[in-house]
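Undergrad: Would you be able to build a 3D model of this:
(2 chains)
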Amino acid sequence: MKMVELLKVTTRPQRTKALKEAGYNTFLLPAEDVYIDLLTDSGTNAMSDMQWSAFMTGDEAYAGSKSFYRMEKAIRDYYGYKYVVPTHQGRGAEHILSQILIKKGDYLPGNMYFTTTRLHQEMAGGTFVDIIVDEAHDAYSEYPFKGNVDLNKLEQLVNKVGAQKIPYVCIATNVNMAGGQPISIANLKELRAFTHKHGIRIIHDMTRVAENAYFIQQREPGYKNVKIKDIVREICSLTDGATMSSKKDALVNIGGFLAINDWDVFEEARNLVVAYEGLHTYGGMAGRDMEAIAVGIRESLNDAHQAARVGQVEYLGNKMESYGIPIVKPIGGHGIFVDAKAFLPHLTQDEFPAQTLAGEVYIDSGVRTMERGIVSAGRKPNGENYYPKLELVRFTLPRRVYTQAHMDVVAESVATVYDKRSRIKGLKMVYEPKYLRFFQARFEQLK
Amino acid sequence: MRALTEPFKIKMVEPLRVTTEEYREEALRKAGYNPFLLRSDDVFIDLLTDSGTGAMSDRQWGGIMMGDESYAGARSWEHLQRVAQDLTGMQYVLPTHQGRAAERILYSIIGGPGKVFISNTHFDTTRANIEYTGAQAFDIVCPEAADVESYSPFKGNIDLNKLVQLIEQHGAKSIAAVIMTVTNNSSGGQPVCMENMKAVRAICDQYGIMMVIDGCRIAENSYFVHHREEGYQSKSYLDIAREMLNLGDAFIMSAKKDGLVNMGGLLTVKDEALSVKCTNLLIISEGFTTYGGLSGRDMEALAIGLTEVFDQDYLHYRIRSTTYLGEKLRDKGVPVVWPIGGHAVYIDAAKLYAHVPVDEYPGQALVIDLYLKGGIRCVEVGSVMFGKYDEQGKLIPAANELVRMAIPRRVYTQSHIDYVIDVFDDILEIKNRNKGFRITYEPPFLRHFTAHFEPIN
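TA: So this is what the prediction gives:
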């Protein structure tokens, strides 16, 4: 460690009060009242000294900033996409891409939904269709590539609606909502062949591509001796473009981009980005943040870095398992997903077991986590609740921030809650916002 | 006027590259004669914009290092929220990655087909955001603004008679909002006085219309109110800003100007129901409510910047140093918008390059000459930026053909500015020989950012 950030230690009564004031929603807790913050791995990374020094050389010119060209070069060199449009973060890229490619009545197949991605698709008039393999919805299947696409599902959709109604297939690497699970190169190649046949684009949601590449290196035949940087390059070469939230694998605190090989889409995106994000050579990012991304991309593709990164996640997962905690298997790349249905079997899904569990862990130790279940899934366009098969609490690890001792505290706290699980009561929702309700919903404890 | 010393010294420098005229000629050709497409490395003095190009103070850099990057409820957010609430008197504060995102959120909620927005002058991205929703945007700056070279203290004011007329004509129900841009960028960075703002508030109250203040240069405006408006000489700049912002129902700020930061924006509103709608959109397109697309460190730097900008010595330096450039140019016989505004000097290119017809873009010609002769980058604010075509494809020119030389905050010294002034000797010498430009490529909207040009021989 070269720089540290001090933490505040709170007492149980303080935390009980803080959670009540936050409406039993961990998103609404002040960060100051959190001891170990596992809410998200997005933008919470620690930058390296190399990134900080590049950061100081950021060129803040409005047009033609040197820092943009350095970031553009890193994206071309390491990911291989031709054209780059910078955005303030990943959802800015999703927004622009959805506006350009999706027409009303289109279908968007993908390997499981992601909250903001699906919403941008729906707002552009499209309908998301889940084509991930069935194993992804089974928390305990040990299938090594639970991020894979079920090509039969895609074929059925093409037969039903026609390829012209499908502007692109959206493929996430290391699928977040499935528990940080990878897609294999073999599956991606089959998908590429199928989409070529039907003239459909593949757009790559690449925020955790390096973690996915690590799993390919560890699990896929023929890749044991291939470097992560080469695997990443191969993954990208099988797709036509990408949206990137740099706040994950690229090891920064803010930033994103849209990358695309098609000149016409690029030109349209470059015109739109001025209206929504910023001029096409900064797109809503400070020059210094573009510098940090250029360096972060390179660091993220280092084999030793990824081994340590995913190794820490595995350490936490194994420790929880040793205490008998039910977790999603195999252990994913960016966090541990605890199965709240199995943890709190006496609660129905309408009593928000994952939301409840996230609150209990916070009260026990000040560890902040996130619900990924019925609250996150939200409502269908017709107003009915989605009832996802997986009802999970996500313990997400920021990159390079916490030590092994911090991980021990987390695992022990979950074990403490597990011991008294039968006495835990559920929640009821008392405030629900219109979109992405998990961010701001408020709850009360059931009596 | 006497030399004006800066109320700060330099703590970190950024080296500049000196290039030759031949080199710059080639760079221009590669950039399609559009300064927005030049690489910043090839620019010596960059007066393209004062947006996001300022130098932060050591205290702000300290804040950068203290930034809390927590996704939800970061202490940097709490700091920024406190400062913004104190400044605006509005309870609901939404952070955005920059100003245009705040505009898009608010105007897509209150705008839409059949709606009308009225402003002293809409800025280019503001107008684009409003028209995109299907609404109409009317500019009704006061009549004094039309005479660019004569003095009037508050040429940014809105024309109150026309405001009432427009409201009556369209019906109060269809007016989405009156937007007061302070200072008024598109009319030469000219200030708006408190009396005018109060009158707009009264009219809005009478008709039940929302009043939005687009105040990215609110501190610079406060300086002019303090020095030019009766009754404000004993009030601090901060108190004047507070008094003005309290008149609005909503406040939009690109923090990249008077927030003294490189990235950031704010939307604040008084009404709770409106804040809930805005928050829903914020989360979808910007980020969660407590960061809105900004890193924690940028929120920290903004909280500090919003406090520093009201410093008496800073604002005096800021306004006087801009005026210094303007007065020296005027003394040389360069026609400039008068009086000099807060953040930029605007040159009347139609007058300086009177031999270049409007459809050959005299402003663009001057911009190109300034880069060629001095490596100085500035921007055309005329028919390239605001021109439209009629049905025959003939140019409908903008009201004025101006060139804006915007001064980044705390970046250049007086010797840099003296250099710029000297370059004008070359410009004045060659001006009669200069040719206009034609557009060879343009996108469908906001064309000035990416259009290509070629010189007319």
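Undergrad: Which residue lies nearest the spatial centre of chain B?
TA: To find the centre residue of chain B, average its C-alpha atoms and take the closest one (Cα atoms, centre = their mean): that gives B:Asn185, at 4.7 Å.
Undergrad: Could you pull up the residues touching that one?
TA: With contacts defined as Cβ atoms under 8 Å, 6 or more residues apart in numbering or on different chains, the neighbours of B:Asn185 are B:121, B:123, B:217, B:343. From N, CA and C alone the C-beta is placed, and that goes for glycine too.
Undergrad: Relative to B:Leu282, how far out is the nearest residue to A:Leu29 once chain neighbours are set aside?
TA: Closest residue in space to A:Leu29, ignoring its immediate chain neighbours: A:Ala22 at 4.6 Å, by Cβ to Cβ, 6 or more residues apart in numbering or on different chains. For A:Ala22, the distance to B:Leu282 (Cβ to Cβ, to the nearest Å) stands at 19 Å.
Undergrad: ok, which residues in the stretch 1-150 of chain B are in contact with chain A?
TA: By Cβ under 8 Å from any Cβ of the partner chain, the part of the stretch 1-150 of chain B that sits against chain A consists of B:14, B:35-43, B:46, B:48-49, B:51-53, B:67-75, B:78, B:97-98, B:100-101, B:104, B:125, B:128-129, B:132.
Undergrad: lowest average confidence, helix or strand, in chain B?
TA: helix B:124-132 (a mean of 88; mean pLDDT, DSSP states H and E).
Undergrad: So what are the sheet partners of whatever helix or strand comes next after that helix and their directions?
TA: On the C-terminal side of helix B:124-132, the closest following helix or strand by DSSP states H and E is strand B:136-139. Sheet partners assigned to strand B:136-139 using DSSP bridges are listed as strand B:116-119 (parallel).
Undergrad: what does the partner strand contact?
TA: The set of residues that contact strand B:116-119 without belonging to it, under Cβ under 8 Å, 6+ apart, is B:107, B:111, B:126, B:130, B:135-140, B:158, B:163, B:166-167, B:170, B:174-181, B:214.
Undergrad: Would you check the distance separating that strand from the middle of the chain?
TA: Centroid separation for strand B:116-119 versus its chain: 18 Å, with Cα atoms, centre = their mean, to the nearest Å.
Undergrad: For that strand, C-alpha coordinates in PDB please.
TA: Output in PDB follows, covering the C-alpha atoms of strand B:116-119 (Å, rounded to 0.1, in the frame of the first residue of the first chain):
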ATOM      1  CA  VAL B 116     -42.400  26.900 -25.200                       C
ATOM      2  CA  PHE B 117     -39.200  28.000 -23.500                       C
ATOM      3  CA  ILE B 118     -38.300  31.700 -23.300                       C
ATOM      4  CA  SER B 119     -34.800  32.900 -22.400                       C
END
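Undergrad: would you turn the contacts of B:Asn185 into JSON lines with secondary structure and pLDDT?
TA: Written out in JSON lines, the entries for the contacts of B:Asn185 read as follows (DSSP: H, G, I helix; E, B strand; the rest coil; pLDDT from 0 to 100):
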{"residue": "B:Thr121", "secondary structure": "coil", "pLDDT": "94"}
{"residue": "B:Phe123", "secondary structure": "coil", "pLDDT": "88"}
{"residue": "B:Arg217", "secondary structure": "coil", "pLDDT": "97"}
{"residue": "B:His343", "secondary structure": "coil", "pLDDT": "96"}
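Undergrad: which one among those residues gets closest to B:Arg201?
TA: B:Thr121 (18.7 Å; Cβ to Cβ).
Undergrad: Report the separation between that closest one and chain A.
TA: 19 Å (Cβ to the nearest Cβ, to the nearest Å).
Undergrad: quick one, what contacts that residue?
TA: B:Thr121 makes contact with B:139, B:141, B:156, B:181, B:184-187, according to Cβ under 8 Å, 6+ apart.
Undergrad: A:Gly283 now?
TA: Going by Cβ under 8 Å, 6+ apart, the list of residues near A:Gly283 reads A:85-88, A:92, A:257, A:273, A:277.
Undergrad: export the residues you listed to TSV and tack on secondary structure and neighbour count?
TA: Putting the contacts of A:Gly283 into TSV (DSSP: H, G, I helix; E, B strand; the rest coil; neighbours: other Cβ atoms under 10 Å in any protein chain shown) gives the following:
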residue	secondary structure	neighbour count
A:Val85	strand	27
A:Pro86	strand	32
A:Thr87	strand	31
A:His88	coil	33
A:Gly92	helix	31
A:Phe257	strand	31
A:Val273	helix	27
A:Glu277	coil	30
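Undergrad: quick one: which helix or strand includes the nearest residue to A:Glu5 once chain neighbours are set aside?
TA: Nearest non-adjacent residue to A:Glu5, counting by Cβ to Cβ, 6+ apart: B:Asp68, 8.0 Å away. Under DSSP H and E, no helix or strand contains B:Asp68.
Undergrad: Outline the domain layout of chain A.
TA: A:12-34+A:303-445, A:49-300 (automatic domain parsing).
Undergrad: And for chain B?
TA: Domain assignment for chain B by automatic domain parsing gives B:21-50+B:311-455, B:58-308.
Undergrad: Looking at these, spot the one closest to A:Ile132.
TA: Taking Cβ to Cβ, domain B:58-308 is the member of those nearest to A:Ile132, at 23.6 Å.
Undergrad: okay, how far is it across the closest one, tip to tip?
TA: Domain B:58-308 stretches 11 Å from its first residue to its last (Cα to Cα, to the nearest Å).
Undergrad: Off-centre distance for it?
TA: 11 Å.
Undergrad: Kindly report the same for stretch A:165-177.
TA: With Cα atoms, centre = their mean, you get 12 Å for stretch A:165-177.
Undergrad: List buried residues within the contacts of strand B:116-119.
TA: Restricting the contacts of strand B:116-119 to buried positions leaves B:107, B:111, B:126, B:130, B:135-140, B:158, B:163, B:166-167, B:170, B:175-181, B:214, with burial counted as 16 or more other Cβ atoms under 10 Å in any protein chain shown.
Undergrad: related to what we said a few turns ago, for the domains of chain B, which one sits closest to A:Ser422?
TA: Distances from A:Ser422 to each of the domains of chain B were compared using Cβ to Cβ; the minimum, 30.1 Å, belongs to domain B:58-308.
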